[in-house]
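Engineer: Provided below for reference: sequence and predicted model.
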Amino acid sequence: MVNWLFKYYFLFSILALCLVLAMVIFFIGKTALLTFQEVTPAEFFFSFDWTPEEDRFGAALFIVNTLSLTVLTLIIAVPLSLGMAILIAEMAPAWLKKFVSPLLDLLVGIPSIVYGYLGLTVLLPLLRELSGEGLGDGLLAAALVLTVMILPTISRISEDAISAVPGKYRDASYALGATRLQTTFRVVLPAAGRGIVAAIILGMTRAIGETMAVVMVIGNTPQLAKSLFAPTSVLTSNIVMQISNVDFDSTWNYSLHLMAFLLLLISFVLILIIRIIGRKGGA
């Protein structure tokens, strides 16, 4: 009787999850596709003219800015995260591991708005002083805040992947006369490559979808970022800044929903890549 109840409870939970996911995709996608009643796909995806008041809904600048911010964040975060993961998994003494690992877990749980507030009150004044710019907000500020946010995620998952490499790989490398550094970079990291790539993609997913922290430091100006200190806007920040000020039955609102749907599709693709990498790793 108990097994029967658990069986149907788990089945109901899975069906409920699938139903919620299907409803999210359906309702956001349905509203998003209404954009193309007034705007052509070519205009939306390739035009840089976002002037909703004049019925021009080119989202290319937000797409390019989002990709630029993600790439800049990964350029800063990945080396730092991998270095920390290697330190914890391969080189750090036990007492340091016990200190750093809980600290990284704590950083993961901090709300994004706290990071945004620290970026607004601490990072932006520092960037103004160092760069001589009048504002300091822009892609660099947003990338630095996102780096702090995704660094724990990439570090912890990469650390687990590195720690999961069998000890016999290291022993064989040492037996051939390799140093610890050579063993780490030529044996351990390639063996943990799939897990590290999955960690980077997971961090990228969070960076692309982050909203509040980015809104507080990026400047929220709908223009293409021509420098690291130019106020700009990305898909998430544009949605959150404008969605509450538009009529529901308007092309402007439909365009914002299409941006959200695009972010949803990007997340699904990245998660699918992680699943494929995981299956290959288990093969």
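Structural biologist: Perfect, I can see it now. Treat the numbers as computed from the prediction; the structure is a model and nothing was measured.
Engineer: residue ranges of the strands in the stretch 51-200 of the chain, please?
Structural biologist: Applying DSSP state E, counting those that start in this stretch to the stretch 51-200 of the chain gives strands spanning 56-57.
Engineer: now do the helices in it.
Structural biologist: With DSSP state H, counting those that start in this stretch as the criterion, the stretch 51-200 of the chain has helices at 60-86, 94-109, 112-118, 124-131, 139-163, 167-175, 180-183, 189-191, 193-209.
Engineer: comparing the ones you listed, which comes out most buried?
Structural biologist: Of all those, helix 139-163 carries the top mean neighbour count, a mean of 23, counting by mean count of other Cβ atoms under 10 Å. C-beta coordinates here come from the backbone N, C-alpha and C atoms, glycine included.
Engineer: quick check: closest non-adjacent residue to Ala142.
Structural biologist: Ile218 (4.4 Å; Cβ to Cβ, 6 or more residues apart in numbering).
Engineer: that neighbour touches Thr232, doesn't it?
Structural biologist: Yes: counting by Cβ atoms under 8 Å, Ile218 touches Thr232, with 6.1 Å between them.
Engineer: need the residues touching each of those two.
Structural biologist: Common neighbours of Ile218 and Thr232 (criterion: Cβ atoms under 8 Å, 6 or more residues apart in numbering): 138-139.
Engineer: which stretch in the helices of the stretch 51-200 of the chain is the model least sure about?
Structural biologist: Ranked by mean pLDDT, these end with helix 94-109 at the bottom, a mean of 83.
Engineer: angle of it against helix 139-163?
Structural biologist: Direction vectors for helix 94-109 and helix 139-163, defined by axes from the mean of the first three to the mean of the last three Cα atoms, to 10 degrees, enclose an angle of 130 degrees.
Engineer: who are the packing partners of helix 94-109?
Structural biologist: For helix 94-109, the packing partners by 3 or more Cβ pairs under 8 Å, 6 or more residues apart in numbering; DSSP states H and E come out as helix 139-163.
Engineer: could you check the angle helix 60-86 makes with the helix it packs on?
Structural biologist: Going by the same axes, to 10 degrees, helix 139-163 makes 40 degrees with helix 60-86.
Engineer: let's number from 4 now, not from 1
Structural biologist: Right, with 4 as the first residue, what we last looked at is helix 142-166.
Engineer: quick one: neighbours of Thr182, just the number.
Structural biologist: If you count neighbours by other Cβ atoms under 10 Å, Thr182 ends up with 11.
Engineer: Phe13 too?
Structural biologist: Phe13: 10 neighbours (other Cβ under 10 Å).
Engineer: what distance do you get for it to Glu132?
Structural biologist: Distance of Phe13 to Glu132, computed by Cβ to Cβ, to the nearest Å: 56 Å.
Engineer: before we move on, what about Ile277?
Structural biologist: Noted for Ile277: a distance of 40 Å to Glu132, by Cβ to Cβ.
Engineer: what's the answer for Ser161, then?
Structural biologist: 34 Å.
Engineer: again, but for Leu273
Structural biologist: 36 Å.
Engineer: quick one on the thing from earlier: and the residue nearest to Ala145, what does it touch?
Structural biologist: By Cβ under 8 Å, 6+ apart, the residues touching Ile221 are 72, 140-142, 144-145, 234-237, 240.
Engineer: Ala164 versus that one, what's the distance?
Structural biologist: Ile221 is 32 Å from Ala164, by Cβ to Cβ.
Engineer: ditto for Gly86
Structural biologist: 15 Å.
Engineer: which is the next helix or strand following the helix or strand encompassing Ile17?
Structural biologist: Counting by DSSP states H and E, the element that carries Ile17 is helix 5-36. Scanning forward in sequence from helix 5-36 by DSSP H and E, the next helix or strand is helix 44-49.
Engineer: gap between that next one and the chain center?
Structural biologist: 24 Å (Cα atoms, centre = their mean, to the nearest Å).
Engineer: which neighbouring elements make contact with that helix?
Structural biologist: Against helix 44-49 (3+ Cβ pairs under 8 Å, 6+ apart) you get strand 59-60, helix 63-89.
Engineer: with distance to Glu213 added, can I get these in JSON lines?
Structural biologist: Converted to JSON lines, these look like this (distance: least, Cβ to Cβ, whole Å):
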{"stretch": "strand 59-60", "distance to Glu213": "24"}
{"stretch": "helix 63-89", "distance to Glu213": "9"}
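Engineer: perfect, that will be all.
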